[in-house]
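Trainee: Need coordinates for the following:
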Amino acid sequence: MKQNVKDTVRSILTNYLELNNHRKTPERYAILDAVYRIDGHFTLEELGEKLLKEDNFPVSRATLYNTLKLLQELRLVIRHRFQGTTYYEACYVNNSHSHQICTVCGRVSEIKSLELSKAIGNLKLKRFHKDGFALYIYGICSTCQAQLTRQRRLHNKEKELKLKLQMMEKQEKQERLEKEKLAKQVKKGKRKL
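Mentor: Numbers count the residues shown, from 1 in each chain. The predicted structure follows:
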C-alpha cells in the first residue's frame, strides 16, 4: 500500500474512532492495513486467512465482519455481491467501479473506462450529489465462450455421427429385409437364384 494512502485511511479511521468515543483496537488497524494491501476483490474468509498467514494475527469472523461494516460506513471499503458471493474492495483511491462478470464461471474483472467515467460524471441528476458509482456488466468471458463453442461443435459432431449410424442401421435393415424376402421367394419356388 502506498504510504500516503495508508496514512490517510488510518487517519480517517482514527478521527472517526476518537470523535465517536470508540476504542482504537489493534484488530481494526490490522484489518484496515490488510484490506489496503490486497489488490482487487476479496471475501471475508480470504481476508481472515491473509491476516493469519501473513501477519500471524488471528481475528474472529465477527470482528472481521463488524470492522468491514465500519470501513464501509467510512467509505474506505466497498461491498459487492457477485453471483451469490459477497466481495469487498478497498475504495479510498478509486470510488468508481465497473466490473464485467462471467455468468458461466463467475470470474470478475474490473474495467477501466475513461468513457464510462466521463459519461456518468456528466450525468445530471435531480436533487442528488453523486460521488462514485458501481457498474456491473454480465456476460460470458472469452474462455467460457471458447469452451461453449467447443462443446457445441462436439455435440453437433455426435449428433451427425448418430444420424449416420441410424441411416446405416436403416440401410442394413432394408438389405436384411430384402434378403429375407428373396429367401422366402426362393423357398416358395417363385424365384431361382
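Trainee: Low-confidence regions, the chain specifically.
Mentor: 1-2, 93-95, 190-193 (pLDDT under 70).
Trainee: if you set the cut-off to 80 instead, what comes out?
Mentor: 1-3, 83, 92-97, 130-132, 185-193 (pLDDT under 80).
Trainee: which residues in it form helices?
Mentor: 3-19, 26-37, 44-55, 61-73, 114-122, 142-188 (DSSP state H).
Trainee: closest one to Gly84 among these?
Mentor: helix 44-55 (14.1 Å; Cβ to Cβ). C-beta: built from backbone N, CA, C; applies to glycine.
Trainee: Which neighbouring elements make contact with that closest one?
Mentor: helix 26-37, helix 61-73, strand 85-90 (3 or more Cβ pairs under 8 Å, 6 or more residues apart in numbering; DSSP states H and E).
Trainee: Go through the ones you listed and name the closest to Asn122.
Mentor: Per Cβ to Cβ, nearest to Asn122 of the helices and strands packed on helix 44-55: strand 85-90, 24.8 Å.
Trainee: In that closest one, which of the residues would be classed as buried?
Mentor: If you call a residue buried by 16 or more other Cβ atoms under 10 Å, then strand 85-90 has these buried ones: 87-90.
Trainee: now stretch 73-89
Mentor: Quick answer for stretch 73-89 (16+ other Cβ under 10 Å): 74, 76-78, 80, 82, 87-89.
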